[in-house]
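>>> pasting the structure only:
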């Protein structure tokens, strides 16, 4: 993404980042049917960021509870499914680490069902798995979660449509106005070829950057396998992010 300035209808000059059109999904992607009702149909209106938006609220370590990063110990019993470690770094252009970023995740359980009243998939809920977590990046931009590998699930976008296993990621900077959302996938998923959300990212190399890699070195022996996934905010290796209008449990 390239920094530049735009002028609002009120004449205010506002900093923004130029959209990476070859990589990022089109706002209206016909193959992703619900985007027809959710994408903006009028020109975006840029709003100035005043002191409140720029300085607050503070999103520091006190936002994270003791077990927020470990989704397998948040209830009285252990959740069902394959335990995994998901870790990596949040980086800016040039590989510069991004410290003190609030990273949040949400996901389906091992049967492919979200703990959400809108999820009607006839798969079992797990009373010991809520599917949400958060942590702060350290001084070197590292984050780490322990969770259960999510299952695939049907979503009625087209005939026999199934979403590949994935984990949603949200990253905050220093305020709520500084938020990016993306999805992480798992290597070798056979559902990639028929998933319009994954394939709405038109650049093949950008799609590959959405896929984690198995990492034997960071597995926990006899307990959990491990996947590594770095999140790059800007530059030629940037991760693909969603528009907040598209944020949901898909």
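That came in fine, so what should we check first? These figures come from a predicted structure and were not determined experimentally. Numbers count the residues shown, from 1 in each chain.
>>> what are the bridge partners for the residue sitting nearest the centre point of the chain, then?
Nearest residue to the geometric centre of the chain (C-alpha atoms, centre = their mean): residue 169, 2.3 Å. Bridge pairing for residue 169 (DSSP bridges) gives the partners residue 105, residue 182.
>>> any idea how far residue 195 is from it?
17 Å (C-beta to C-beta, to the nearest Å). Placement of C-beta: from N, CA and C, glycine included.
>>> likewise residue 211?
12 Å.
>>> equivalent analysis for residue 105, please.
Residue 105 is 19 Å from residue 195, by C-beta to C-beta.
>>> ok, residue 134 next?
Taking C-beta to C-beta, one finds residue 134 at 26 Å from residue 195.
>>> wait, residue 215 sits on residue 228?
Yes: with contact defined as C-beta atoms under 8 Å, residue 215 reaches residue 228; the gap is 4.3 Å.
>>> other SSEs contacting the longest strand seen in the chain?
Taking DSSP state E as the assignment, the strand of the chain that covers the most residues is strand 83-91. Judged by 3 or more C-beta pairs under 8 Å, 6 or more residues apart in numbering; DSSP states H and E, strand 83-91 is in contact with strand 142-148, strand 225-228, strand 231-232.
>>> weakest of those strands by average pLDDT?
Note on the helices and strands packed on strand 83-91: strand 231-232 shows the lowest mean pLDDT, a mean of 94.
>>> what strands line up against it, and which way round?
Sheet partners by DSSP bridges: for strand 231-232, these are strand 83-91 (parallel).
>>> how far does the partner strand sit from the chain's center?
Offset of strand 83-91 from its chain centre (C-alpha atoms, centre = their mean, to the nearest Å): 12 Å.
>>> and the angle from that strand to strand 142-148?
160 degrees (axes from the mean of the first three to the mean of the last three C-alpha atoms, to 10 degrees).
>>> residues in contact with strand 83-91: which ones?
72, 97-98, 101, 103, 105, 137, 140-149, 167, 171, 184, 212, 218-220, 223-233 (C-beta atoms under 8 Å, 6 or more residues apart in numbering).
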